[in-house]
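J.: Build me a structure from this.
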Amino acid sequence: AQMEGKNVPRFDPDINLDHLKSRVDLNIIKSLLTFQIEGICFAIQHNGRVLLADDMGLGKTIQGLGIASYYRSEWPLFIIVPSSVKFMWKESAKKWLTNSLNEVCDYVNLEDCIQVLENGKQSIDPECKIVIGSYDLLAKNIDEIEKVHYKVIIADESHLLKNPKASRTKAALRLIQNCNRIILLSGTPALSR
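T.: Now for the predicted structure:
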């Protein structure tokens, strides 16, 4: 439809750094580089449904969290990651989303606002505003995870969803199709093979 000129997103020149300053967590705003600001603005121009495919080390995590911060009124936020980086994402969320969590969370301790799903027997705390789970855990527990109705989702290393027949892809699609905002992050969106 976009190639035919239909359904082409209209770009709003008012979505810029000044616009972001009042809507994105201050910790993030103070640390963004110009291209990262452009990435967040691009995502907002596309209603928070975006693939960020910057090279490794260019700050996809901070951009993803910046976009999620912009849409914090729609949280809870679900972050899908490889198992090995679940706790890194928790630390990043605590570092970058302090103001956003204070705004949306009733807990005194921000640590209680973020839940890392460590195994399939663990139930999701409905009061948590950020839940972090692995792709494999998502595939095993999709029915329980889907009950929360996440409206904002970050999928780190989203190239792991390349096989439409894989259970992790099917589970992720069930969540993604019912969310308002999906932030896909991948440093390798096109694999060499």
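
J.: isn't S186 right up against L51?
T.: Yes - look at S186 against L51 with CB atoms under 8 Å: they come within range, at 6.8 Å. Any C-beta I mention is one placed from the backbone N, CA and C, and that applies to glycine too.

J.: mind checking which helix or strand the residue nearest the centre of the chain is in?
T.: Closest to where the C-alpha atoms of the chain average out (CA atoms, centre = their mean) is I154, at 2.2 Å. Here I154, judged by DSSP states H and E, is contained in strand 152-155.

J.: Check which helices and strands that strand sits against.
T.: helix 60-70, strand 77-81, helix 167-176, strand 181-185 (3 or more CB pairs under 8 Å, 6 or more residues apart in numbering; DSSP states H and E).

J.: what's the closest of those to N102?
T.: N102 lies closest to helix 60-70 among the helices and strands packed on strand 152-155, at 11.7 Å (CB to CB).

J.: Pick the most deeply packed of the helices and strands packed on strand 152-155.
T.: Across these, the average number of neighbours (mean count of other CB atoms under 10 Å) peaks for strand 77-81, which reaches a mean of 27.

J.: Give the pairing partners of that strand; include direction for each.
T.: Using DSSP bridges, strand 77-81 pairs in its sheet with strand 130-134 (parallel), strand 152-155 (parallel).

J.: hmm, who's touching the helix or strand just after that strand?
T.: Per DSSP H and E, the first helix or strand lying C-terminal to strand 77-81 is helix 86-96. Here helix 86-96 makes contact (CB atoms under 8 Å, 6 or more residues apart in numbering) with 25, 27-28, 31, 61-62, 65-66, 69, 79, 81, 101, 110-111, 114, 116-118, 130, 132-134, 156.
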